[in-house]
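Visitor: only the shape, not the letters, is given here:
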Ligand SMILES: [Zn+2]
């Protein structure tokens, strides 16, 4: 099985013609729709890149590269040439992206050269330091066969795509169950061995800090509204407060993003350690509804749900990359795992069954369901 991982690197804006890159992404959109448009002023070598077989690894970018509408920018896939220390090469010699591995010990001496993509000028080259990430993926047996160039918030980026041939291991008697909620209640995980819950934990992002930052954002937005009403809309003070509000929102977003990447990597390493089957219950939609029922404002919900899609995507990406067998499974949190009766929620998110008396914290219910399902899976295996 082929597995992919992607790394984004911001390109120096002063060395890139953003309009030119935008034009390339518009042409890629057409190419994706199987229209061939040959433009006279573009070098043929670059135009050939637009029609490469890129669809198989497009899903590796978390924000997606499938064009949603006509002429929207679609990331341009680019072939790479890898040049090694001993002078040997892999890939297409005319490829627009060249990875030069100059040193084994000092990865900072390795460079990436982007030829003729960042500006429509003959022999135009942008040189970058190679990210450590590339060396790490190579060490794991990967190769950087493709790259992509595109715009994100109008900033030019290079995406490096690592490919690796990997076989999934056969799962042991362990199962690692991951239950994706919201940052308010956290991401719950449990390690199950032969139908018994060994460890269980709820991982929260620092919700207290998020709440404080959010409250500060709201306060600042209110202040801006007040100043505008009394006629100060164009003043520097208003801009300053707006900026402060924005900075806090970005900080919340960064906190949840870092936590998402950290947790995905921690959980996949745990699965690898126990050779466990990874069971993912992505119930973010259900969690969104729960938060709505609590009458939280929509923008708070948005922040509490931020980067959870990214977390699930990263979890799946890493599972594929390291050969961890995984499955998505619905694990209810409001149905009794003993008698399948509807559960009643008590204060403190405790769930109780009026039918058989079963009682447990809400976030633990999916773990009981996972145990129940693993037992019935085993019975099927033994048949
Ligand atoms: Zn029950």
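Guide: Arrived safely. These figures come from a predicted structure and were not determined experimentally. Numbers count the residues shown, from 1 in each chain.
Visitor: any idea how far apart the tips of stretch 188-200 sit?
Guide: Distances were taken as CA to CA, to the nearest Å; on that basis the terminal residues of stretch 188-200 are 7 Å apart.
Visitor: ok, and what's touching it?
Guide: Surrounding stretch 188-200, the residues in contact under the criterion CB atoms under 8 Å, 6 or more residues apart in numbering are 173-179, 181, 201-203, 267, 270, 274, 276, 363-364, 366-368, 370-371, 374-375, 378. Any C-beta I mention is one placed from the backbone N, CA and C, and that applies to glycine too.
Visitor: beta partners of whichever residue of the stretch 101-250 of the chain sits closest to the ion?
Guide: Per CB to the ion, the residue of the stretch 101-250 of the chain with the smallest distance to the ion is residue 197, at 17.8 Å. For residue 197, the beta-bridge partners under DSSP bridges are residue 192.
Visitor: could you do residue 112 as well?
Guide: Beta-bridge partners recorded for residue 112 (DSSP bridges): residue 99, residue 128.
Visitor: ok, it to residue 147 distance?
Guide: Taken as CB to CB, to the nearest Å, the spacing of residue 112 relative to residue 147 amounts to 8 Å.
Visitor: what is in contact with those two at once?
Guide: Counting by CB under 8 Å, 6+ apart, the residues touching both residue 112 and residue 147 are 97, 158, 160.
Visitor: show me what the helix or strand harbouring residue 248 is packed up against.
Guide: Using DSSP states H and E, residue 248 sits within helix 236-274. Using 3 or more CB pairs under 8 Å, 6 or more residues apart in numbering; DSSP states H and E, the elements in contact with helix 236-274 are strand 174-180, strand 187-193, helix 207-229, strand 277-282, helix 298-304, helix 308-321.
Visitor: how does it look with 10 Å?
Guide: Contacts defined by 3 or more CB pairs under 10 Å, 6 or more residues apart in numbering; DSSP states H and E place helix 236-274 against strand 174-180, strand 187-193, strand 196-203, helix 207-229, strand 277-282, helix 298-304, helix 308-321.
Visitor: which SS class is residue 348?
Guide: Using DSSP: H, G, I helix; E, B strand; the rest coil as the criterion, the local structure at residue 348 reads coil.
Visitor: can you give me the neighbour number for the residue of the stretch 101-250 of the chain closest to the ion?
Guide: Here the number of neighbours of residue 197 (other CB atoms under 10 Å) works out to 16.
Visitor: okay, buried residues for the helix or strand of the chain with the lowest mean pLDDT please.
Guide: Lowest on mean pLDDT, DSSP states H and E among the helices and strands of the chain sits helix 44-50, with a mean of 72. Within helix 44-50, the residues that count as buried by 16 or more other CB atoms under 10 Å are 46-47, 49-50.
Visitor: ok, stretch 331-343 next?
Guide: Along stretch 331-343, the positions that meet the burial threshold by neighbour count (16+ other CB under 10 Å) are 331-333, 336-337, 343.
Visitor: go through these and flag which are in strands.
Guide: residue 343 (DSSP state E).
Visitor: show me what from the protein comes close to the ion.
Guide: Near the ion, the residues belonging to the chain are 336, 338-339, 341, 353, 355-356, 358 when assessed by CB under 5 Å from the ion.
Visitor: what about 8 Å?
Guide: Along the chain, the residues adjacent to the ion under the rule CB under 8 Å from the ion are 336-341, 343, 353-358.
Visitor: related to what we said a few turns ago, which of residue 112 and residue 147 has more residues huddled nearby?
Guide: The residue with more neighbours, out of residue 112 and residue 147, is residue 147; 26 against 21, by other CB under 10 Å.
Visitor: hmm, that one is touching residue 92, no?
Guide: No - with contacts counted by CB atoms under 10 Å, residue 147 stays clear of residue 92, the gap being 12.0 Å.
Visitor: share the number of residues neighbouring residue 152, please.
Guide: Other residues near residue 152 number 14, with proximity taken as other CB under 10 Å.
Visitor: wait, residue 85
Guide: Each residue near residue 85 was counted by other CB under 10 Å, and the total is 11.
Visitor: for residue 260, same thing?
Guide: Neighbours of residue 260 (other CB under 10 Å): 23.
Visitor: hmm, back to that, okay, angle between the helix holding residue 248 and strand 277-282 too, please.
Guide: 150 degrees (axes from the mean of the first three to the mean of the last three CA atoms, to 10 degrees).
Visitor: please renumber so the chain begins at 25
Guide: In the new numbering, first residue 25, that becomes helix 260-298.
Visitor: ok, residue 65 - contacts?
Guide: The contact partners of residue 65, by CB atoms under 10 Å, 6 or more residues apart in numbering, come to residue 144.
Visitor: name the helices or strands packed onto the helix or strand harbouring residue 46?
Guide: According to DSSP H and E, residue 46 maps onto helix 42-56. Of the remaining helices and strands, those touching helix 42-56 by 3+ CB pairs under 10 Å, 6+ apart are helix 68-74, strand 100-107, strand 167-176, strand 179-189.
Visitor: make it 7 Å
Guide: Applying 3 or more CB pairs under 7 Å, 6 or more residues apart in numbering; DSSP states H and E, we find helix 42-56 packed against helix 68-74, strand 100-107, strand 167-176.
Visitor: so for that helix, what gets flagged as buried?
Guide: Buried positions in helix 42-56, judged by neighbour count with 16+ other CB under 10 Å: 44-45, 48-56.
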